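Undergrad: From the sequence below, what's the structure:
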Amino acid sequence: MIKTQKTSDTVMFMGKDWSVGKPQKRLQLVFRSIYFIAILSKKTIAKNHRILGGVFRSPSYVAIDIEPHNRDGDHVPFLDIDQKALSDLVTEKNFDGLCQYGGVKEFMAILETHEKFGISSNGDAIKHRMDVFGSNTYEKPPAKSFMSFVLEAFKDTTIVILLVCAVLSLGFGIKQHGLKDGWYDGGSIIVAVILVVAVSAISNFKQNRQFEKLSDVSSDIKVEVVRDGRRQSISIFKVVVGDILCLKIGDQIPADGLFLDGHSLKVDESSMTGESDHLEINDTNNPFLLSGTKVTDGYGRMLVTSVGMNTGWGKMMSSITRDLDEETPLQARLNKLTSYIGKVGLLVAFLVLVVLLIRYFTGHTEDENGLQEFKGSKTEADDIMNAIVRIVAAAVTIVVVAIPEGLPLAVTLTLAYSMKRMMVDNAMVRKLSACETMGSATSICTDKTGTLTQNQMKVAEFWLGKEAMGKTSSEIAPNVLELLQQGVGLNTTGEVYRPLSAPVPEISGSPTESAILSWAVFDLAMDIHELKQGHEILHVEAFNSEKKQSGVLVRRKAGDTVHTHRKGAAEMILAMCSNYYVRSGMIIAMDDTERMQFGGIIKDMAAKSLRCIAFAYKKIAAEGLQGNQKLEETGLTLLGMVGLKDPCRPGVREAVESCRDAGVNIKMITGDNVFTAKAIAIECGILKPNEDLNNAVVEGITFRNYSQEERMVKIDSIRVMARSSPFDKLLMVQCLKQKGHVVAVTGDGTNDAPALKEADIGLSMGIQGTEVAKESSDIVILDDDFTSVVTVLRWGRCVYSNIQKFIQFQLTVNVAALAINFVAALSSGDVPLTAVQLLWVNLIMDTLGALALATEQPSNDLMTNLPVGRTEPLITKVMWRNLIAQALYQVTVLLILQFKGSSIFGVNEEVKDTLIFNSFVLCQVFNEFNARKLEKKNIFTGILKNKLFLGIIGMTIVLQVVMVEFLKTFANTERLNWGQWGASIGIAALSWPIGWLVKCIPVSSKQCLSLPMPRASAS
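TA: Modelled structure (predicted):
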């Protein structure tokens, strides 16, 4: 632990009376205390008591500790600090209180933090801080319990009606036949309903827990802290009070704290205060930094004073329940479809109810003994009520089967499954809607650096004047070398740390900063610590993607010399220069011819896929600085240029090619110049070397200056935009959307947030992306790799395809079940499929069917189809062809069994009804295989890869055998012999050749049942 060296000028108000052991020390302490108190005015003591009495818990007496760290006995740090007072000081922005106490430095002493080295990374020390001040986590509202999902399932109207019918049936049955035999009808319905509810609640509960876990992962942000003298990246949850945090543009501040040092630091506090203006943070009047706010400009360091529930953000977040029940556009469309089918089912059920009631009351129905059921006034009231309840239960069960509740469940299951698998494939979904919308993407606008390239920068070339230099600093004149070292070491946000145990320094910062620092340290022999000690930084202009440069105003402490240093995109720095240095150290004036020659050097480097960065400086008169610290933008002297090589990622070319095959346009948007952009685009396969590039490549400023009509004409042919600003990216997204494209955009910077929000799918980068960018995005690409973007595209298409498979499967069941019961009810006055049997069918197709078909993995075939547009229908003609053929077959066969089954098989009515039930269920099992491939004739491709599908099919068959052979009373079934089982399987198996033949029938490309698709990310 770093100890403060202050003695007589530090007053610590503690909540303990520290005893002083030795007489001499005790006497010394008394004299020094008397002397110290004598020089304090009563007013100062009163003020300090007000401030410090809050920061430290004080009992009824006050002890003044002059040398708190030199006591006899062990001192346990921090126990006397009042957390609430410390927290309130920052949240209330009590600047007067901070000044009265002694400022930020005094707080550092209290929290035992060293300004340069931070705190110790020792595990026990960190744990002690967490024990005393709390961890940087907030209390979450309790998650929904399993019982709440059960209650939600029971709120379904049809389930309630069924339960009422079951209870009535139970009551009448027991009254009529006694408890032993009378509970079967009502009791079996109750058991079946409970089973359906339980399966639905369990699946929803599991998906909710999975979304909770993914939500926790998405909030685990990495931040940079200084511990043991070096910058290191840690989880936001491991930040402790006393930590020194390093902040840069785009960071979300993870805790409350005080500003230590930095430049041009501005924060957006709208998340906490609602104020949209960006506040400047400094040590003169506003050093307070609040958790949950975002850095919008500059960089700096802060001292953490409160974490977790002791911050305003923590208290606010603990009261907010995260909405994990987000309805995706596909779910919205499916709810409309469910409602539409439900209405048809309701109409059919109502007609069945009316027909059955009419037939009953007109004496056209018979009981199990073949006698007329209704005999007018001779019929007992209990019998009438029992019959009515049975008829109502049958009608309600038809509604249950008709309403495809499994559709929204299938979406939830497939989304949950795909989200889990996408995490493995380096993509973290933040918004569920993005999963499915990505499958419809027609254009992907991607960044270059770190996405198409490896983001492992290295200085490949160095030019001094118009001469390419070698690697050694001995070739450079000492005065130029010194200025270059200043330009690199003082104008950077990176850090160089030299550990005692290792000979090679550790370099941190962005890939560009790290590459330039590495070059300066190893090739130019730069000592960054000596540089910083010898110079005072007066003003900083932080780099951002608009300016594409950064600048710094520095004063040499020894000689009072003031320099402006600038670093950035070579052609932009070149435009500011009037002179340049040569190898000998001489300054040469730059005329137009030489300016063109420098432009040629930049172009040549760019053609080699090098990012060109230039350094320039200007000497300033110290007396002209008073009140004006604006950095010079003209008359600079060019110090040199470096070319940074960032190789393409392996596999990018193949990924771009697969996108092209899938009908998805790739557009590269970069801040690099045109020549670098072209070279990288050709290397990645976005451009072909021999094609006309006039319309394919455009600069941001040119695109910006087009008229709206010109932009709309040229937007489809543009594949590379160079020297673009975030505004240009936003403009491109808007134009593409106006043309009807479904647009995915990658972004990593704070300024990319508008484009990420505007796009249908915003893809932020997990490594280089700022927290602002991640918050604005729908999906985070964890490895920053373009191949992961293509993986997301495959999964998006897979989600959409799986939903279509399930819709086809479920609608086949719906149509067949409705038709069979309706026709049978009209003709014979009886329904062959009872309430319990229909509930079992409902369970198979809703939950088990959804599980089986929603977990199909993406295949390569998906990337050979054209994207599904924004207004494409959910149910295609191909699907209608397949489901109508299967439904017609099932209805035909089962109606033949209904009317001729007894004579064909020579069996009684009960066995015939069991044959119908068994054949119907097995038809669904076999049809599940057909649903796996909507257009492919081979339905068994890749089936062994989906173990869950095979497991569910096996489980369904086993349960069906149990239902038929062992649950006679419960399911109203009779045992079947081997021949009857063989007949049932044969009838069901015929659905395979029928499915194969139907797929030979061509269908037109026009679609039907178009349900408009809402926008995915209406952020």
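Undergrad: where along the stretch 701-850 of the chain do the strands fall?
TA: In the stretch 701-850 of the chain, the strands defined using DSSP state E, counting those that start in this stretch lie at 720-722, 743-747, 761-765, 779-781.
Undergrad: Output the ones you listed as TSV; include the columns distance to Gly906, mean neighbour count and mean pLDDT.
TA: (Each C-beta comes from the backbone N, C-alpha and C, glycine too.) Below are the strands of the stretch 701-850 of the chain laid out as TSV (distance: least, CB to CB, whole Å; neighbours: other CB atoms under 10 Å; pLDDT from 0 to 100):
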stretch	distance to Gly906	mean neighbour count	mean pLDDT
strand 720-722	77	26	92
strand 743-747	63	29	89
strand 761-765	62	29	88
strand 779-781	62	26	88
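Undergrad: Of those strands, which is nearest Lys140?
TA: strand 779-781 (20.8 Å; CB to CB).
Undergrad: Please name every helix or strand in contact with the closest one.
TA: Under the contact criterion of 3 or more CB pairs under 8 Å, 6 or more residues apart in numbering; DSSP states H and E, strand 779-781 touches strand 427-429, strand 761-765, helix 786-828.
Undergrad: Poorly predicted segments of the stretch 1-150 of the chain, please.
TA: Low-confidence segments of the stretch 1-150 of the chain (pLDDT under 70): 1-80, 141.
Undergrad: Try it again at 80.
TA: 1-82, 101, 138-144 (pLDDT under 80).
Undergrad: What lies in contact with the helix or strand harbouring Ala520?
TA: Applying DSSP states H and E as the criterion places Ala520 in helix 511-522. Residues from elsewhere that reach helix 511-522 (CB atoms under 8 Å, 6 or more residues apart in numbering): 449-450, 455-459, 462, 484-485, 488-489, 492-494, 496, 505, 507-509, 526, 528, 567, 611, 613, 642, 644, 646, 768.
Undergrad: Contacts for the next helix or strand after that helix, please.
TA: Using DSSP H and E, the helix or strand that directly follows helix 511-522 along the chain is helix 528-534. Residues from elsewhere that reach helix 528-534 (CB under 8 Å, 6+ apart): 485-486, 489-490, 496, 498, 517, 521, 556-558.
Undergrad: Just name the most buried of the helices and strands packed on strand 779-781.
TA: Mean neighbours per residue, mean count of other CB atoms under 10 Å, is largest over the helices and strands packed on strand 779-781 for strand 761-765, with a mean of 29.
Undergrad: partner strands of that strand, parallel or antiparallel?
TA: strand 743-747 (parallel), strand 779-781 (parallel) (DSSP bridges).
Undergrad: Figure out how far the last one is from the centre of its chain.
TA: This points to strand 779-781. Here strand 779-781 is found 6 Å from its chain centre; the criterion is CA atoms, centre = their mean, to the nearest Å.
Undergrad: Repeat that for the longest one.
TA: When distances are taken as CA atoms, centre = their mean, strand 743-747 is centred 14 Å away from the chain's centroid.
Undergrad: Just the CA atoms of that strand, as CSV, please.
TA: Output of strand 743-747 as CSV, limited to C-alpha atoms (Å, rounded to 0.1, in the frame of the first residue of the first chain):
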residue,chain,number,x,y,z
VAL,A,743,-28.8,-2.4,-44.1
ALA,A,744,-26.2,-3.7,-41.6
VAL,A,745,-23.5,-1.3,-40.5
THR,A,746,-20.3,-1.9,-38.5
GLY,A,747,-18.8,0.8,-36.3
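Undergrad: and the angle from it to helix 786-828?
TA: With axes from the mean of the first three to the mean of the last three CA atoms, to 10 degrees applied, the angle from strand 743-747 to helix 786-828 works out at 150 degrees.
Undergrad: now, which of the contacts of helix 528-534 sits nearest Gly257?
TA: Using CB to CB, those come closest to Gly257 at Val496, 24.9 Å.
Undergrad: continuing past the host helix or strand of the closest one, what's the next helix or strand?
TA: Secondary-structure assignment from DSSP H and E places Val496 in strand 495-497. Next helix or strand after strand 495-497 toward the C-terminus (DSSP H and E): strand 506-508.
Undergrad: Parallel or antiparallel, list what pairs with that next one.
TA: Sheet pairing of strand 506-508 (DSSP bridges) gives strand 495-497 (antiparallel).
Undergrad: Identify the residues contacting the strand it pairs with?
TA: 229-231, 505-509, 517, 521, 528-529.
Undergrad: how close does the most centrally placed residue in the chain get to Ala755?
TA: The residue lying closest to the centre of the chain (CA atoms, centre = their mean) is Arg430, at 2.4 Å. Arg430 is 16 Å from Ala755, where distance means CB to CB, to the nearest Å.
Undergrad: try Gly171
TA: From Gly171 to Ala755 the distance is 65 Å (CB to CB).
Undergrad: more crowded one of the two?
TA: Ala755 (27 against 17; other CB atoms under 10 Å).
Undergrad: The more buried one contacts Asp728, doesn't it?
TA: No - using CB atoms under 8 Å, Ala755 makes no contact with Asp728, being 9.1 Å away.
Undergrad: picking up where we left off before, will you turn the helices and strands packed on strand 779-781 into CSV that also has distance to Thr379?
TA: Shown next, in CSV, are the helices and strands packed on strand 779-781 (distance: least, CB to CB, whole Å):
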stretch, distance to Thr379
strand 427-429, 61
strand 761-765, 65
helix 786-828, 21
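Undergrad: Out of those, which is closest to Val392?
TA: Nearest to Val392, of all these, is helix 786-828, at 13.1 Å by CB to CB.
Undergrad: nearest to Ala773, of the strands paired with strand 761-765?
TA: The nearest among the strands paired with strand 761-765, by CB to CB, is strand 743-747 at 5.3 Å.
Undergrad: hey, where'd the helices end up in the stretch 651-800 of the chain?
TA: 652-661, 674-684, 700-705, 708-714, 726-738, 753-758, 771-776, 786-828 (DSSP state H, counting those that start in this stretch).
Undergrad: Which of those sits closest to Tyr617?
TA: helix 674-684 (24.6 Å).
Undergrad: where's Val104 relative to Thr493, distance?
TA: In terms of CB to CB, Val104 sits 21 Å off from Thr493.
Undergrad: nope, Phe374 is what I was after
TA: Phe374 is 89 Å from Thr493, where distance means CB to CB.
Undergrad: and this protein, what are its domains?
TA: 83-115+239-320, 328-417+794-1000, 427-454+649-784, 458-497+507-623+631-645 (the TED database).
Undergrad: okay, how far is it across the last one, tip to tip?
TA: Terminal residues of domain 458-497+507-623+631-645 lie 5 Å apart, using CA to CA, to the nearest Å.
Undergrad: and the direction of the host helix or strand of Ile391 versus that of helix 786-828, what angle?
TA: Per DSSP H and E: Ile391 is located in helix 381-402. On the basis of the same axes, to 10 degrees, helix 381-402 is oriented at 150 degrees to helix 786-828.
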